[in-house]
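>>> Next input, structure requested:
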Amino acid sequence: MAVQTLQQMPAVLECGDTLRVQLGFGSYPSSSYTAVLKFNIPGTAPTSVTGTAATSTDFLFVLSAATTAAMAAGTYDYAARVTETG
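The predicted structure follows:
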């Protein structure tokens, strides 16, 4: 079964599930910026994923099932960082 691409971060993510989420950041289009999502929970190393251009404005972030299976269970904070590429 194909993994659905979400348009916003889910409230819950099960360990071992693949996450595909397409996000836009207003004045920071994928045509001119790179974006990284970082997931953090106290006591563990952060998990980061770099977005790819889904459209000229949005980024696609994919966390594989293997990546989420390796993440500790708990409540995570996450943040996006965009960097101008040109």
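>>> surely Phe25 meets Ala80?
Yes - using CB atoms under 8 Å, Phe25 makes contact with Ala80 at a distance of 6.5 Å. In this view, the C-beta of every residue, glycine as well, is placed from N, C-alpha and C.
>>> got any residues that touch both of those two?
Ala35 (CB atoms under 8 Å, 6 or more residues apart in numbering).
>>> Got the confidence number for the residue lying closest to Leu63 once chain neighbours are set aside?
Distances taken as CB to CB, 6 or more residues apart in numbering place Leu19 nearest to Leu63, at 4.2 Å, with adjacent residues excluded. Per-residue pLDDT puts Leu19 at 96.
>>> So what does Leu19 have for phi and psi?
The phi/psi pair for Leu19 (degrees, to the nearest 10) reads phi -110, psi 130.
>>> Show me where the chain has its helices.
65-70 (DSSP state H).
>>> Strands of that one, residue ranges please.
Secondary structure of the chain, counting by DSSP state E: strands at 5-6, 19-24, 33-40, 47-50, 52-53, 58-63, 77-84.
>>> Please produce a markdown table containing those strands, extended by distance to Leu13.
Supplementary listing: those in a markdown table, determined by distance: least, CB to CB, whole Å:
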| stretch | distance to Leu13 |
| --- | --- |
| strand 5-6 | 10 |
| strand 19-24 | 6 |
| strand 33-40 | 9 |
| strand 47-50 | 11 |
| strand 52-53 | 19 |
| strand 58-63 | 8 |
| strand 77-84 | 10 |
